[in-house]
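A.B. asks: Sharing a model prediction with you, sequence too.
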Amino acid sequence: MRLSTYFLPTLRENPSEAQIVSHRLMLRAGMVRQASAGIYSWLPLGFRVLKRIEQIVREEQDASGAQELLMPTIQSADLWRESGRYDDYGKEMLRIVDRHERDMLYGPTNEELITDIFRGASKSWRDVPRNLYHIQWKFRDEVRPRFGVMRGREFLMKDAYSFDLTKEDARHSYNKMFVAYLRTFARMGLKAIPMQADTGPIGGDLSHEFIILADTGESQVYCDRDAIEFDPLAEAVDFDDRAGVQSIVDRWTSVYAATDEKHDEAAYAAIPEGRRVSARGIEVGHIFYFGSKYSKPLGAVLAKPDGETVPVEMGSYGIGVSRLVGAIIEASHDDRGIVWPESVAPFRVGLVNLRVGDAACSEASGKIYSALRAAGIEVLYDDRDESPGAKFATMDLIGLPWQLVVGPRGLAQGLVELKERRTGAKEDLPIDAALARFTAA
RNA sequence: CGGGGCGUAGCUCAGCCUGGUAGAGUGCUUGCUUUGGGAGCAAGAUGCCGGAGGUUCGAAUCCUCUCGCCCCGACCA
């Protein structure tokens, strides 16, 4: 993509509406534009990141055996009356009346709808286990939206729902999601730590929030350093191996990790002092098992092999996809701008032609651009007639992992400069060698 | 939903107290000079001063109502 033709409305100054760093940087980098309080348009650069995050979530959900479908944003109130939540949900639910005076709503979540879909099609123990998910926009009419896309009213969420015959099976479904989440966040370059979460009125011990550590996080969290040092991607996972999956969950849940609300001073004090971590955290995922809370009122039952019918055992598993865009920035930025992990970066390489008017620079840049594109490397080519300082500032702001700088100084010796955004490390390389960094297998 | 604040150029803001018909920086346009970390000079364009009423000879400015946005608290993927 040539920057001269790309819709990238960057801002030099911080918009006054944005307070926290991810919100400021997303606006300054031209990723989003606020439509109204807590509701955002995603501009090309931001949309690319959103899609990349969504794709990682999708791949890991699929790998764990979950199946993607798509439910609507608008739901009928009828199902919510069946579950009893229509009245319970309160003003957070955006209620709509259609032309026939029917009560509708913009879905804040999908337990009712998915249960309705499942119950109509699944009657037997042979029909489980199933895990169905979708990645869809939700709306919760927060009293006070804030922090940009981190706490918007409209947000993109992956929500999965598991269906099992027994509690034991449901536990395995839960564990699979637990492990899939660890892998998902790790692939985005995040250290997400599962923390025991409040299960509310449902009860039980099967609920975890996945928290990433970031200085500007919303809540105070405490954990054992061991929890940070585990690497979820170190080994392949066989999701059908119940004992294996359980052992991964056990290892993670055996180390202390808690949010402020669940913090246990005594347990924390028991951790060796050098391993105690007290930090700020952002919730990026939440999983929980809720048994027959929805299947019972909605009549989703399965026939067991002996003919007896029982309510299906369910769990639900959310990931805040749009929130993750902000959360990753909170966890990965510096005073010059965003620092994208390669896995979610909108482009892998930013190619900077330092002097557009110079024939040699433009020719070399053009060749590099073509070569990278031919190799399938996503590259943003800054071919604007701007001063070097402005170009560097733009690249640092939008945070592409690699900057390939073509300037007259280096080119005279046949060299271009490769800069790693994260470390700032610069290296002068012959053009072919620089290209090989990206095109080599 | 309680408490506070702010709406003036694309963005950041001044002007308001003490009414006289709109400014700066940045960005944008054009030209020249520049060119390795947001360049210099010159010439330009840009506003229903959030909206509606009212007071006044006259309102960005004073009064009333209203809409929007932000911050703190309670609540949340």
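C.D. replies: Arrived safely, thanks for sending.
A.B. asks: all helices of the stretch 101-250 of chain A, in order?
C.D. replies: Per DSSP state H, counting those that start in this stretch, the stretch 101-250 of chain A carries helices over the ranges A:111-121, A:167-187, A:225-229, A:242-253.
A.B. asks: Tell me which of those helices approaches RNA strand B most closely.
C.D. replies: Judged by C-beta to the nearest atom of the strand, the one of these that comes nearest to RNA strand B is helix A:167-187, at 10.6 Å. Placement of C-beta: from N, CA and C, glycine included.
A.B. asks: tell me the mean pLDDT over that closest one?
C.D. replies: Mean pLDDT, helix A:167-187: 97.
A.B. asks: ok, for A:I338, nearest residue in space, not its chain neighbours?
C.D. replies: A:G399 (3.1 Å; C-beta to C-beta, 6 or more residues apart in numbering).
A.B. asks: Mind pulling the model confidence for that neighbour?
C.D. replies: Reported pLDDT for A:G399: 97.
A.B. asks: what's the spacing between it and A:S387?
C.D. replies: 20 Å (C-beta to C-beta, to the nearest Å).
A.B. asks: residues from the stretch 251-400 of chain A in reach of RNA strand B?
C.D. replies: Contact residues, the stretch 251-400 of chain A versus RNA strand B (C-beta under 7 Å from any atom of the strand): A:283-286, A:318-320, A:322-323, A:336, A:354-355, A:357, A:386-390, A:392-397.
A.B. asks: which of those residues count as buried?
C.D. replies: Among these, those classed as buried by neighbour count (16 or more other C-beta atoms under 10 Å) are A:283-286, A:318-320, A:322-323, A:354-355, A:386, A:392-397.
A.B. asks: Tell me who's in contact with A:C223.
C.D. replies: Applying C-beta atoms under 8 Å, 6 or more residues apart in numbering to A:C223 gives the contacts A:I193, A:M195, A:V255, A:Y256, A:A257, A:A258, A:V277, A:A279.
A.B. asks: hmm, 7 Å instead?
C.D. replies: A:I193, A:Y256, A:A257, A:V277 (C-beta atoms under 7 Å, 6 or more residues apart in numbering).
A.B. asks: Out of these, grab the one that's most surrounded.
C.D. replies: Using other C-beta atoms under 10 Å as the neighbour criterion, A:I193 leads these with 27 neighbours.
A.B. asks: can you map out the helices along the stretch 251-400 of chain A?
C.D. replies: Using DSSP H, counting those that start in this stretch, the helices of the stretch 251-400 of chain A run over residues A:265-269, A:295-298, A:321-331, A:359-374, A:388-398.
A.B. asks: Need the CA coordinates for the longest strand belonging to chain A. PDB is fine.
C.D. replies: Counting by DSSP state E, the longest strand found in chain A is strand A:276-291. Only the C-alpha atoms of strand A:276-291 are listed here, as PDB (Å, rounded to 0.1, in the frame of the first residue of the first chain):
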ATOM      1  CA  ARG A 276       5.400 -11.500  44.100                       C
ATOM      2  CA  VAL A 277       4.000  -9.400  41.300                       C
ATOM      3  CA  SER A 278       1.700  -6.500  42.000                       C
ATOM      4  CA  ALA A 279       0.600  -4.800  38.800                       C
ATOM      5  CA  ARG A 280      -2.200  -3.300  36.800                       C
ATOM      6  CA  GLY A 281      -4.300  -5.500  34.600                       C
ATOM      7  CA  ILE A 282      -6.900  -5.400  31.800                       C
ATOM      8  CA  GLU A 283      -9.500  -8.100  31.400                       C
ATOM      9  CA  VAL A 284      -9.400  -9.500  27.900                       C
ATOM     10  CA  GLY A 285     -11.300 -12.700  28.300                       C
ATOM     11  CA  HIS A 286     -13.700 -14.400  30.600                       C
ATOM     12  CA  ILE A 287     -14.800 -18.000  30.700                       C
ATOM     13  CA  PHE A 288     -17.300 -19.700  32.800                       C
ATOM     14  CA  TYR A 289     -19.400 -22.800  33.400                       C
ATOM     15  CA  PHE A 290     -23.000 -22.200  34.300                       C
ATOM     16  CA  GLY A 291     -24.500 -25.600  34.100                       C
END
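A.B. asks: neighbouring strands for that strand, and are they parallel or not?
C.D. replies: Strand A:276-291 has these partner strands in its sheet, going by DSSP bridges: strand A:207-213 (antiparallel), strand A:219-224 (antiparallel), strand A:313-320 (antiparallel).
A.B. asks: That one: how far from the chain's middle?
C.D. replies: Chain-centre distance of strand A:276-291: 14 Å, with C-alpha atoms, centre = their mean, to the nearest Å.
A.B. asks: okay, now A:E308: neighbour count?
C.D. replies: Using other C-beta under 10 Å, A:E308 has 9 neighbouring residues.
A.B. asks: now do the one 4 residues further on
C.D. replies: The criterion is other C-beta under 10 Å. On that basis, A:V312 has 28 neighbouring residues.
A.B. asks: Quickly note the distance from the residue lying closest to it once chain neighbours are set aside to A:E111.
C.D. replies: In space, A:V312 comes closest to A:S295 once its chain neighbours are excluded; the distance is 4.4 Å by C-beta to C-beta, 6+ apart. Separation of A:S295 from A:E111 (C-beta to C-beta): 10 Å.
A.B. asks: Identify the bridge partners of A:F163.
C.D. replies: So, taking DSSP bridges as the rule, A:F163 has A:R130, A:M314 as bridge partners.
A.B. asks: So for stretch A:166-174, what gets flagged as buried?
C.D. replies: By neighbour count on 16+ other C-beta under 10 Å, the buried set for stretch A:166-174 is A:D169, A:A170, A:R171, A:H172, A:S173, A:Y174.
A.B. asks: which ones are touching the closest residue to A:E218 other than its chain neighbours?
C.D. replies: Spatially, and ignoring its direct neighbours in sequence, A:E218 is nearest to A:I282 (6.1 Å; C-beta to C-beta, 6+ apart). Contacts here follow C-beta under 7 Å, 6+ apart; on that basis A:I282 touches A:I211, A:I212, A:A214, A:G217, A:E218, A:A327, A:E330.
A.B. asks: what do you get if the cut-off is 10 Å, keeping everything else the same?
C.D. replies: Residues near A:I282 by C-beta atoms under 10 Å, 6 or more residues apart in numbering: A:22, A:147, A:150, A:190, A:192, A:210-214, A:216-219, A:221, A:320, A:323-324, A:326-328, A:330-331.
A.B. asks: Send me the worst-scoring helix or strand of chain A on mean pLDDT as PDB with only the CA atoms.
C.D. replies: Least confident helix or strand of chain A, by mean pLDDT, DSSP states H and E, is helix A:85-88 with a mean of 87. C-alpha atoms of helix A:85-88 as PDB (Å, rounded to 0.1, in the frame of the first residue of the first chain):
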ATOM      1  CA  ARG A  85     -33.400 -11.900  31.800                       C
ATOM      2  CA  TYR A  86     -35.500  -9.400  29.800                       C
ATOM      3  CA  ASP A  87     -36.400  -7.600  33.000                       C
ATOM      4  CA  ASP A  88     -33.200  -8.400  34.900                       C
END
